[in-house]
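> can you look at this prediction? I've put the sequence above it.
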Amino acid sequence: MPESYESSASRDQSVAEFDSQGRTLGHRLQHALHVTPSLVPLMVLIAAVVVFGLLLGQRFLSPFALTLILQQVQIVGIVALAQSLVILTAGIDLSVGAVMVLSSVVMGQFTFRYGLPPGIAVMSGLLCGALCGLVSGVLVAIVKLPPFIVTLGMWQVVLAGNFLYSRNETIRSQDIEAAAPLLQFFGTRVEIGGAIFTFGVLFMLILAVVLAYALRFTAWGRHVYAVGDDPEAAALSGVNVRGTLISVYVLAGTICAFAGWTLIGRIGSVSPTSGQLANIESITAVVIGGISLFGGRGSILGTLFGALIVGVFTLGLRLAGADPQWTNLLIGILIIAAVAVDQWIRRATV
Amino acid sequence: MPESYESSASRDQSVAEFDSQGRTLGHRLQHALHVTPSLVPLMVLIAAVVVFGLLLGQRFLSPFALTLILQQVQIVGIVALAQSLVILTAGIDLSVGAVMVLSSVVMGQFTFRYGLPPGIAVMSGLLCGALCGLVSGVLVAIVKLPPFIVTLGMWQVVLAGNFLYSRNETIRSQDIEAAAPLLQFFGTRVEIGGAIFTFGVLFMLILAVVLAYALRFTAWGRHVYAVGDDPEAAALSGVNVRGTLISVYVLAGTICAFAGWTLIGRIGSVSPTSGQLANIESITAVVIGGISLFGGRGSILGTLFGALIVGVFTLGLRLAGADPQWTNLLIGILIIAAVAVDQWIRRATV
Amino acid sequence: MTDPILSARNLVKRYGHVTAIDHCDFDLYPGEILAVIGDNGAGKSSLIKAVSGAVAPDEGEVWLEGAKVAFTSPNDAREAGIETVYQQLALSPALSIADNMFMGRELRKPGILGSWFRMLDSAAMQKFARDKLTELGLMTIQNINQAVETLSGGQRQGVAVARAAAFGSKVIILDEPTAALGVKESRRVLELIQDVKSRGIPIILISHNMPHVFELADRIHIHRLGKRLTVVDPKDISMSDAVALMTGAMTPDDAAA
Amino acid sequence: MTDPILSARNLVKRYGHVTAIDHCDFDLYPGEILAVIGDNGAGKSSLIKAVSGAVAPDEGEVWLEGAKVAFTSPNDAREAGIETVYQQLALSPALSIADNMFMGRELRKPGILGSWFRMLDSAAMQKFARDKLTELGLMTIQNINQAVETLSGGQRQGVAVARAAAFGSKVIILDEPTAALGVKESRRVLELIQDVKSRGIPIILISHNMPHVFELADRIHIHRLGKRLTVVDPKDISMSDAVALMTGAMTPDDAAA
Amino acid sequence: GSHGDISACLITKTDTNPFFVKMREGATAAAEELGVELQAFAGQFDGDHETQVAAIETCIASGAKGILLTASDTSSITPAVQQARDAGLLVIALDTPLSPADAADATFATDNYEAGRLIGAWAAGQMGDAAADAKIGLLNINQSQPTVGVLRNQGFLEGFGVDLGDPNRWGDEDDPRIVGHDVSDGAEEGGREGMESLLALDPMVNVVYTINEPAAAGAYEALRAIGRENDVLIVSVDGGCPGVQNVAEGVIGATSQQYPLDMARLGIEAIVNYAKDGSLPETSPGLDFYNTGVSLITDSPVEGVESISSEKGLELCWG
Ligand SMILES: Nc1ncnc2c1ncn2[C@@H]1O[C@H](COP(=O)(O)OP(=O)(O)OP(=O)(O)O)[C@@H](O)[C@H]1O
Ligand SMILES: Nc1ncnc2c1ncn2[C@@H]1O[C@H](COP(=O)(O)OP(=O)(O)OP(=O)(O)O)[C@@H](O)[C@H]1O
Ligand SMILES: O[C@@H]1[C@@H](O)[C@H](O)OC[C@H]1O
Ligand SMILES: [Mg+2]
Ligand SMILES: [Mg+2]
C-alpha cells in the first residue's frame, strides 16, 4: 500500500459542517422565492391589481375590466408561452411574431385564395408554424448556430415571406364571418357571471397549465431544463439534446401558429401587418415573469403572470388617464427591476 | 523522496507532437480566415459590388450610386460601430437607436426651445448620449444585470422619454439652416474626385479606423477583448472589468449621440420619430461583419463591411427593380449564412 | 484468457488539425480494473468518449461482448450497459440529485397516468436514488431533492459515481474521478471502485495518480500520442518505468529488454 | 524568527449562507514555501482570494511587510508584488500568450506614440515573454503570438505559472497548480517552484497532493472549516497525521500529545 | 358649459406623427372648453391595429360616451367598433373612413382623393407642356397601401393626367412618365432614402409626389444633396405649419391643407350632443361623410385649380 497515509482520512465518517449563521427575515424570504421563482411575479401581479383597484375602484375591479385584461393579453400571453420554452433552453426566438402572422395569413389565404375548407386551411396554418419552428430548430440543434442569429434571420425571412405571399392584402372580418367562421373560433365568447371570456383566453390559460405540467412532471420537461442548464452535461448524461431542442422549436412554432389562429379570433380579420410587437412584448413578459435568459431556470407560470402584469399596468394606467408613453417608461423600469430582483434571489446559495 | 518514480518523467525533454495531417486547400483557407476574420465580409462585399455591377452596369457603378450607398449607410454604420464595442464585451445594446434620437432631439431642443448656443446644445446632446451609456454601463457592470435586459429596459425608457420631452415636435431643416447650421455640420459635402462625401460619411470611416486602432494597439482594446472573452479570468488577471465595461457603454452612448448629430445632417431636420430600426439594423451589420455575439472575437472593420454589404444589397436590389421585401428576405438569409461561415471558421483549431 | 467484454480496433478521431485518437486499439476483460494512463492530451478522454458513444469516431470499430456496436449517443451505450463518469461531470446544476441520477431514463408512473399523461414517478425515483446512495455507503446527503449546484465538489463527484455504479450493468468507465478531490474524498471513490469490482463489473479507470493506479489496476493501458503504446501488468513493472513509457522516455522494447 | 512578509488576522468571508472563511489567521514568512492543505470546500481558495484582492473579505485585516493593506482588486495586490495563479487559470483564451502575460500591465511605446497615442509596445512585450519562458526553462512554445486556447492544459498552466514567476516580486501564490496535470507536467511545475524559491521569493502552495506538499513545503498550514487549524513542520509530522488533522480525525492537541 | 360626467376617447394611428399630435391638441382644447374628460390613445407605429382594438375596449371599460377614431386598419377594426356601438358609444371616424364607411356613426374627414387630385392638377398646370414628358417619382407611406395613401396617390395621378389602372392600388400604372414608386414611412428619414432610390433609378426626376410633409422635407434634402432642389417640383398633403412654411420658402411647390383641429373639435362637439340628447351628426351633401374641407396652398397659382396663398395658409395651419 504505497498510500497508507490516506487511510487516516477514512477514520472519521461524520459530515463536516460550517456554522450556519442566524437567518434574518430577508434571508428566509430570499430562500422561499429561490425555491418558487414564480412567486415574485405573482406577488407583483396581486399588488398591482390591489393598487389599481384602490385607485380606480369599480371601473377597474369590474368583471368586465378584469376579463378585458385577459383578452388584451391573450395573444402576447400565448406567444410568450412559446417564447418561454425556447428561453428555457437558453435560446431566444425573435421570429415568434412573424411566424404567428404568417400562420394566420396561411389560414386565411388557403381558405379564400384557394377555396380550401377552413379545417384544412387551419391545419395548414398550424403546419406552417411547425415548419418554421423546425427550420429554426434544425439550424440551432444540428448546424449549431446561435439562436439569436437564427431567429433574427428567420424573422426577416418569414416576415418578408409573409408580405410577399399575402400581397399585403387584408381579409375582411365580414367575409370570414360569412364564409369561414372556424377561423374566428377563438373569438367565441362565453359569459361566466358577468365576466366575459373568449375561447382564446381559455386556450391561453389551459395551455399554460398543460405546459407547466409537461415541464414539471414529464421526462421531456426535465430534459428541456437540463438542456438549458448545460447542454454538454445533458448530452453526456444521456439526454437527446438535438431531439429536445428541435421538439422545443417545433412546439414553439406550433404554439405561435395557434396564436395566429387566436389573432384572427381577436381582430376578426386576417391582417399581414399584425404582430410586429409580439417579439419584444413576449420577451418582456418572460423576463418579468422571472425566467432566466441564460436558460434552465424559471417557471412557465411566471410568464403568464408576467404577461398579466404588463396587461394590468397598461389598462390601469390608461384608465387612470396616464399618457401611453408613461406606460412604456414604466414598463421599461419594470423590466430592469424584475431582473434586479431575480438576481438578488439567485444570490441565495441554498 | 516519496515520488522518485516521477523523476523518470524528466528524462525526455523533447516536445511530443501528433502527426499533422496534410493540409487541404479548404484547411488553409479556413486558417487564413480564422486569423483575419474581417476577410469574409470584405470578400462578400466585393463580390456583391461586382455582381450588381455586372447586372446593372453604369447605373450601379456610377460614383453617384456608390457614394450614395455610403451616405445611406452612414447612420447605421456609426451606430453599428458603437454596437460592436458592446458586443465585443459579450453584451448587446438594444437602446442604440433610442439614445441616438434622444441625443439629436436634445441638440435641437436645447437650441430652439431654450435658445442656447448651438455649440453648447451639441455638447449637451453628446453628454446625454454618454449619460444614457453610463446608466446602462453601471447596471451591467456594477449591478451585474444581463445587458440584453438592461438595454431592453433602457430602450423603452429612453424612447418614451424622447417622445415626452420632444412633445413629438419636428424642427424644420430650414430653421436649423438659418439659426444653427452647426447642427447640420455632418451634412456638409466634399467632393473628392467626382465622388461626393459628406462629413458624416468621413466621420464613420475615420471612427472605424480609430476604433480599430484602439482595439488593437492599446491596452484598453486588449482589455475589451479580454472582458468579452472571459470576464472572470480578466478580473483575476488584473483587468479592471467594471471600469472597462462602463467605459465601453459610455463610449457607445457617446458614439450614438454622434450618430444623432449625423442624423440631423442627413435628414436636415430634427425628428423624434427617426431611428426606430437602428437597433436591429446595427445588430445585423455587426453579425454580418463577423463579430461573435458571445464576445471577445471579431474585428470592428468587419462591422463596417457588414453595414456596407446591407447597403449594397438594398440599393442594388432596388435598382434591379425587386420588391423591397425580397431585400429583407435576402438579408435574413445572409445573416444566417454569415454565422454559419463564421462557425465553420471557428472550428479551425489553429 | 477469456474474450474481452469491450474492445476497439483501429479507432481514429480528428478535431480540425489535431488527431486525438490515431488508429488506436483497446481491450477490457470481464471483471478487471483496467487503468488508462498517459500524458495530458494523449487522447485518453477522447478514447473513452469514442467507446461510450459521446463522440462518433471517424474510423474504426467497437465491440461489446463479441458483437459489433456503433453507438451514436451516450444513451445508446448506457442502454447497452456501459456507464461513464466523464471528466467534466455531466450533471445539470439546477436539477435535483434524483433528477440527475435518472436523467435520460426516467421512471413513469404505472397505469394511464404514466402511459397517457407520461407522468414521472418522482417518489419511486427518489427512493431508488436514496437507496443507491445509502447502499454504496457513499455519503450523508440530507435532501435528495437538493439542486446539484448546492453540493460540494466531492459530493457531486459522489453523485456521478453513484449513478454509474447504480446503472452500469456491464462496464463502468471513470475518467479522472479524483482529480479535484481532497484526500478523504479520493479515498471514498477508490473504496467505491473496489466495491463495484467486487460485484463483478469491469471498470476502466483513467488517472494521473500513479499510486492510485498501481493500487487498484489489474492491467495498465499506456496511452501515448493517440495510440495504445502497450499494456502492462502493475505487478511486473515499476511506477518509474510506467511513467517513462507514457512520457516517451522509454520504449516498450526497452521495457521488455 | 523574522516577521511575516504577508499575514492576515481574523478574516471572514460569507457567500449567502456559507461562511467560506471563518475568522481565519494566516502567516507567510520570507523565503519559505508554505503549503496550505485542507478538505474540498475547506475555504483554501477563498482565503488566498481574500489575501490577493480577488474578493473583499467581510471582516479582518491583511498585512504586507508589516503594513496594513486593503486590496480591492487583484491588480492592487499585483502592484504590491503579490502574484497569484488561481485555481481556474485566469487566462483569456482568445488572446495571445504575450497579451496574457502582460494583461493589466501592458508596456507602451516610448515617446509620443506611447504617451499620446497610447500605443502598445508589442515587440518589447513579446521579447520579454519569450525571455521569461526560456529563462524559466519551461517549455518550447513555438509562437508567442499563439492564442492561449490553442495550448494544451499543461502549456496553459505553464504560462500562468511563468507569468506569476516573472512578475511576482514579493509573494507568489499557487492554487492547485498541478491538479489537472500529468506526471511529467506536474514535475515541471514543481521544479519551477523550487527555482522561484531559490530566487528568495516566498511561495504559498495549495495542493491535495500530499507527497508533493511534503516534498516541497517548509511549513504546512492546515485549513479546516474555514479556519487555520494549526501549522505544522513537515519534518515533525507524518503524512497520515497531517491528513488526519485536516479531515478532523485528529485534533491538534492529539498531535501535540 | 360644463358636462362634467361626459368622457370621450381619441384613438389615433400613432402619437408621433405631427398630424395626430395636432389632432390630439385640438381634441384636448375642445374637451377642456366643453368640460369633457378626454383620454387619448395611439398605436405604437403606423399600422398597429391591435393596440387600437385594445384602446376601444379600454374606452368601453372606462365608461366613455364616444370615441374619435383614426383607424389603422379600416376594415379589421369594424367588429371592435360594432362592440363599442353596441355598448352605447358614439363612434366617429376621423381623417380615415372605415370600410364600409357606415361602420362608424359618422366620419369627419378630408376628401383625400380630392386632396391628391388638387396637387396633381396643380403640378400638371405648373409644368405646362413639359408635363407631357415629366419624370414622376412617387413617395408613398408604406408597402401595405393603406387607404389614405392609395387615395392621395391615385388622386394625384388622375389630377396630373395619368391612366390609373386599378384605382385601389398604386404601382400598376404603365405610364412611361412614372420613374417609380417608393415608400417613406411618412417621415423625413424614409423620405430621404426613398428619394435617393428614385434618383438612382433616374437622376432626372422632376415631379415628386409625397404622402405628407415630413416625407417631402426628407425628399428635399436628398435633392439638395445633388444640387437639384431648384429644378424639381415637390407636392404634398397636410398643410401643417412647417409644411406651409416650406411652401412659402419654395421647398414644396404646393400642398393640400387638411384641418385636423376641426375634425377633432367637431368630433368632441358631436359626442357632447349625442350625450345630451342622442342626436347624431350629419354628413356633407352628396357625400357619405362630413367633409372637413381641403384647400390647395401655393404661391404660384395655376389657372383652373382653386388655391390659397401660403400667407393665408399660415393663418389656417395647424402646426
Ligand atoms: N472537442 C475538441 N475539439 C478540439 N480538440 C479537442 C477536443 N477534444 C479534445 N481535443 C484535443 O484532442 C487531444 C486529446 O485530448 P483528450 O482530452 O482526449 O486528452 P486526455 O488524454 O484526456 O488529456 P487529459 O489528461 O489532460 O485529460 C488534445 O490535443 C485536445 O486538445
Ligand atoms: N463565489 C462563491 N459563491 C458561493 N459560494 C462559494 C463561492 N466561492 C466559494 N464558495 C463556497 O465557499 C466554500 C469554500 O470554497 P473554496 O473554494 O474556498 O474551498 P477550497 O478549500 O478551495 O476547496 P477545493 O479544495 O475544492 O478547491 C465552499 O463551500 C464553496 O461552495
Ligand atoms: O392623414 C394623415 C396624414 O396627414 C399623416 O401625415 O399621415 C397619416 C395620415 O393618415
Ligand atoms: Mg482527459
Ligand atoms: Mg480551491
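Happy to help now that I have it. Ligands and ions are numbered 1, 2, ... in the order given.
> stretch A:246-266 near chain B at all?
No - for stretch A:246-266, no contact with chain B is found by CB under 8 Å from any CB of the partner chain; the gap never falls below 14.3 Å. For the C-beta atoms, the positions are set from N, CA and C on the backbone; glycine is no exception.
> okay, now the unreliable bits of the chain?
This is for chain A. Counting by pLDDT under 70, the ranges of chain A that qualify are A:1-24, A:346-350.
> actually chain C
C:1, C:89, C:135-142, C:152-154, C:255-257.
> could you rerun that using 80?
C:1, C:16-18, C:87-90, C:132-143, C:150-155, C:157-158, C:179-181, C:185, C:254-257 (pLDDT under 80).
> ranges for the helices of chain E?
E:18-34, E:49-62, E:78-86, E:112-127, E:147-160, E:188-201, E:213-225, E:241-248, E:260-277, E:310-316 (DSSP state H).
> chain C is nearest to which of these?
Chain C lies closest to helix E:49-62 among those, at 35.4 Å (CB to the nearest CB).
> if you compare the helices of chain E, which one is most tucked away?
Highest mean neighbour count among the helices of chain E (mean count of other CB atoms under 10 Å in any protein chain shown): helix E:213-225, with a mean of 28.
> what about it and ligand 3, touching?
No - using CB under 6 Å from any ligand atom, helix E:213-225 stays clear of ligand 3, coming no nearer than 7.1 Å.
> any part of that helix near chain B?
Yes - using CB under 8 Å from any CB, helix E:213-225 reaches chain B at E:214, E:217-218, E:220-221, E:224-225.
> likewise for stretch C:176-187?
No - against chain B, stretch C:176-187 shows no contacts by CB under 8 Å from any CB, the least distance being 14.3 Å.
> which single residue of the stretch 151-300 of chain E ends up nearest chain D?
Ranking the residues of the stretch 151-300 of chain E by distance to chain D (CB to the nearest CB) places residue E:225 first, at 34.9 Å.
> verify the stated contact: that residue with residue B:191.
No - if you go by CB atoms under 8 Å, residue E:225 and residue B:191 don't touch, sitting 11.8 Å apart.
> from ligand 5, how far off is residue A:235?
Between residue A:235 and ligand 5 the computed distance is 27 Å (CB to the ion, to the nearest Å).
> distance of the nearest residue to that residue once chain neighbours are set aside relative to residue C:103?
Using CB to CB, 6 or more residues apart in numbering or on different chains and skipping residues adjacent in sequence, the residue nearest residue A:235 is residue A:241, 4.6 Å away. Distance, residue A:241 to residue C:103, by CB to CB, to the nearest Å: 11 Å.
> intersection of neighbour lists for those two?
residue A:234 (CB atoms under 8 Å, 6 or more residues apart in numbering or on different chains).
> ok, the two, which is more surrounded?
Neighbour count, other CB atoms under 10 Å in any protein chain shown: between residue A:241 and residue C:103, residue C:103 has more, with 24 against 20.
> what's near enough to touch the closest residue to the more buried one other than its chain neighbours?
Leaving aside its chain neighbours, residue C:103 sits nearest to residue A:237 (4.5 Å; criterion: CB to CB, 6+ apart). By CB under 8 Å, 6+ apart, the residues touching residue A:237 are A:226, C:74, C:90-92, C:100, C:103-104, C:163.
> repeat for residue A:336
B:139, B:145, B:149-150, B:153-154.
> and the residues you listed, which two are the farthest apart?
The distance between the two most remote of the contacts of residue A:336 (CB to CB) is 10.8 Å, for B:145 and B:154.
> what about these two, which has more around it?
Between residue B:145 and residue B:154, counting by other CB under 10 Å, residue B:154 is the more crowded of the two (29 against 23).
> what's around the residue nearest to the more buried one when sequence neighbours are not counted, how many residues?
Once flanking residues are discounted, residue B:154 sits nearest to residue B:95: 4.0 Å by CB to CB, 6+ apart. By other CB under 10 Å, the residues close to residue B:95 number 31.
> check the gap between residue B:95 and residue A:306 for me.
Distance from residue B:95 to residue A:306, counting by CB to CB: 21 Å.
> also residue E:301?
Look at residue E:301 and residue A:306: by CB to CB, they are 60 Å apart.
> who has more neighbours, those two?
More crowded of residue E:301 and residue A:306, by other CB under 10 Å: residue A:306, with 34 against 16.
> isn't the more buried one up against residue A:80?
Yes - using CB under 8 Å, residue A:306 is in contact with residue A:80, at 6.9 Å.
> mutual contacts of these two, please.
Common neighbours of residue A:306 and residue A:80, counting by CB under 8 Å, 6+ apart, are A:285-286, A:289.
> with secondary structure added, can I get the residues you listed in CSV?
Output for these, formatted as CSV (DSSP: H, G, I helix; E, B strand; the rest coil):
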residue, secondary structure
A:285, helix
A:286, helix
A:289, coil
